[in-house]
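**Q** I'd like to go over a predicted model; first the sequence, then the structure.
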Amino acid sequence: MDLELKDKIAVITGGSKGIGEAVARGLAGEGVHLALCARNREEVENTARKISEEFGVKALGFACDVSKLEDIEKFVEAIKNAYPEGVDVLINNAGTGSAEKIIDAPDSRWQYYWDLHVMAAVRLSRLLEILAADEAQFLERGRKEVEETMEETATEGNQENTETDKRSTTGSP
Ligand SMILES: NC(=O)c1ccc[n+]([C@@H]2O[C@H](COP(=O)([O-])OP(=O)(O)OC[C@H]3O[C@@H](n4cnc5c(N)ncnc54)[C@H](OP(=O)(O)O)[C@@H]3O)[C@@H](O)[C@H]2O)c1
């Protein structure tokens, strides 16, 4: 399937394994270049290298704990060095389930979940400035897509009308 994503750039947190790696592979198959992060450096670097070799895309693998602001800042710096043109997609996938009940978990645990599942997405979005990176280009791309879809719909409608006209002149159903 061609989703017209070739040469776009996607950041995926928790991209070293599981769902994050599967999404990374799916996007790489579409020709998307990647920046992956996870806490285990060896794993994330290996995953990035394998995907790059397999799909012929650029793939940065970077050690980063997204629950920590200082790690996120370093990751964003590495992304900007690898992709100075800015990124198109951010997938906030890194996370974990919880075994505790509200009543049992201390504040420190809830603070960790908050930093991991909420603040990581806020901080990455803010630092990467996805839309602001090139807002004019983003809007122009959207306008073109709407115009193309309208043209296609109009062409299909005209073809259907021609078929209906033919049937009514020949009397066939
Ligand atoms: N699988 C499910 O059924 C399911 C259901 C509901 C929601 N989810 C959510 O979907 C996401 C992916 O699930 P999954 O099953 O693919 O999990 P997984 O196999 O455990 O993979 C999690 C990924 O996130 C990374 N990660 C975890 N904590 C991180 C942190 N603090 N900073 C950076 N990276 C971190 C892990 O690498 P490191 O350990 O090296 O950091 C790994 O790359 C998670 O957010 C999970 O909570 C999963």
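**A** The structure has been received and is ready for your questions.
**Q** Mind listing what's buried along whichever strand or helix holds residue 76?
**A** Assigned by DSSP states H and E, residue 76 belongs to helix 69-82. For helix 69-82, burial by neighbour count (16 or more other CB atoms under 10 Å) applies to 71, 72, 75, 76, 78, 79, 82. Placement of C-beta: from N, CA and C, glycine included.
**Q** if I read this right, the second one contacts residue 64, doesn't it?
**A** Spelled out, it's residue 72. Yes: Residue 72 sits in contact with residue 64 when judged by CB atoms under 8 Å, with a separation of 6.6 Å.
**Q** if we can go back for a sec, quick one: is the helix holding residue 76 near the ligand?
**A** No: contact between helix 69-82 and the ligand is absent, the nearest approach being 7.5 Å (criterion: CB under 6 Å from any ligand atom).
**Q** avg pLDDT for that helix?
**A** Mean pLDDT, computed over helix 69-82, is 97.
**Q** any idea of the mean pLDDT in the helix or strand just after that helix?
**A** With elements assigned by DSSP H and E, the helix or strand that comes after helix 69-82 is strand 89-91. Average pLDDT, strand 89-91: 96.
**Q** Okay, buried residues for the next helix or strand after strand 89-91 please.
**A** Moving toward the C-terminus from strand 89-91, the next helix or strand (DSSP H and E) is helix 107-114. Neighbour-count burial for helix 107-114 flags residue 113 (criterion: 16+ other CB under 10 Å).
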